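Colleague: sequence? don't have it. structure:
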């Protein structure tokens, strides 16, 4: 037979919870997607800040007041962590793509490295901002 | 009887109907961003909250301005393609098409606004 049979295929993420127990490697992978897309908010704020800087002192005052308010700080420092998490997660996938680190034990270690490493790098970056 | 091989019938039948060159782009752009981002995070983070004059002084210098432009362009195209993979995973039909357009629109709007601001600051 030449034609493939047409069947209704389910959409992702139908495997999760129902058929497949969540594992560290899966959770740390989907967090790359979540952090990457969440960075939309920080992108909007950065572009607002740049446009305001180009527009003049009054516009800049307003933008910076919002971005460095406690809500703004929460978003910006959260996004700083998200950048670092996405960064380490991406490196992990580059290692996987090269065909390395795929043994269960190594893969799980790399997952924890993303979780702890992102927190360490965030704290380090904040220290660099202060000094 | 049609003489189609199994491989020929399989090509383009994945959720995205394409893939290898998209994945390769993500690898290339991620390596570029991996080199640029640490420096940019420090340059931008220090300019943020430093006041109007100091921020203007930083962002009008060539290195911060060009680095910001590069991070913005590469970052937004990387984001747009990454988001597209997510959309193709979780949605189908018209919803998928409209979401892909919306995310591409967002990415290019951010690039255009950012470049406009950077040029205006620098000149």
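Modeller: Received, thanks. What you see is a predicted model, and the numbers here were worked out from it, not measured in a lab.
Colleague: got the contact list for the residue nearest the centre of chain A?
Modeller: Nearest to the mean C-alpha position of chain A, by Cα atoms, centre = their mean, lies residue A:35 at 2.4 Å. By Cβ atoms under 8 Å, 6 or more residues apart in numbering or on different chains, the contact list for residue A:35 reads A:82-83, A:85-86, A:89. For glycine as for every other residue, the C-beta is placed from the backbone atoms N, C-alpha and C.
Colleague: Run the chain-centre distance for the helix or strand it falls within.
Modeller: In this structure, residue A:35 sits in helix A:24-55 according to DSSP states H and E. Averaging C-alpha positions (Cα atoms, centre = their mean, to the nearest Å) puts helix A:24-55 7 Å from its chain's average.
Colleague: Give me the next element, helix or strand, following it.
Modeller: Trace forward from helix A:24-55 with DSSP H and E and the next one is helix A:57-67.
Colleague: what's in contact with that following helix?
Modeller: By Cβ under 8 Å, 6+ apart, helix A:57-67 touches A:45, A:48-49, A:51-53, A:72, A:76, B:48-49, B:52, B:55.
Colleague: Farthest pair within those residues?
Modeller: The span of the contacts of helix A:57-67, defined through Cβ to Cβ, is set by A:76 and B:52 at 18.2 Å.
Colleague: More neighbours: which of these two?
Modeller: residue A:76 (19 against 16; other Cβ atoms under 10 Å in any protein chain shown).
Colleague: Excluding sequence neighbours, find me the nearest residue to the residue nearest to the centre of chain A.
Modeller: Using Cβ to Cβ, 6 or more residues apart in numbering or on different chains and skipping the chain neighbours, the partner closest in space to residue A:35 is residue A:82 (3.9 Å).
Colleague: I figured that neighbour was touching residue A:41, is that so?
Modeller: No: at 9.4 Å, residue A:82 and residue A:41 do not qualify as touching, with contact defined as Cβ atoms under 8 Å.
Colleague: who has more neighbours, the two?
Modeller: Between residue A:82 and residue A:41, counted using other Cβ under 10 Å, residue A:82 has the larger neighbour count: 23 against 14.
Colleague: residues contacting the more buried one?
Modeller: Contacts of residue A:82 (Cβ under 8 Å, 6+ apart): A:35-36, A:38-39, A:42.
Colleague: Out of these, flag the one nearest to chain B.
Modeller: residue A:36 (5.4 Å; Cβ to the nearest Cβ).
Colleague: Can you tell me, leaving aside adjacent residues, what's nearest to residue B:108?
Modeller: residue B:76 (7.3 Å).
Colleague: Tell me the buried residues in the helix or strand hosting the one you found?
Modeller: Using DSSP H and E, residue B:76 maps to helix B:62-90. By 16 or more other Cβ atoms under 10 Å in any protein chain shown, the buried positions in helix B:62-90 come out as B:64-65, B:67-69, B:71-88.
Colleague: And stretch B:116-123, by the same measure?
Modeller: B:117-118, B:121.
Colleague: Which ones among those also lie next to chain A?
Modeller: B:117-118, B:121 (Cβ under 8 Å from any Cβ of the partner chain).
Colleague: Just put the residues you listed in TSV and tack on secondary structure.
Modeller: TSV is the format used below for these (DSSP: H, G, I helix; E, B strand; the rest coil):
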residue	secondary structure
B:117	helix
B:118	helix
B:121	helix
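Colleague: quick one on the thing from earlier: any idea how far the residue nearest to residue B:108 is from residue A:112?
Modeller: 30 Å (Cβ to Cβ, to the nearest Å).
Colleague: Quickly list what the closest residue in space to residue A:22 that isn't next to it in sequence is bridged to.
Modeller: Distance criterion Cβ to Cβ, 6+ apart; nearest residue to residue A:22, sequence neighbours excluded, is residue A:16 at 6.5 Å. For residue A:16, the beta-bridge partners are residue A:20 (DSSP bridges).
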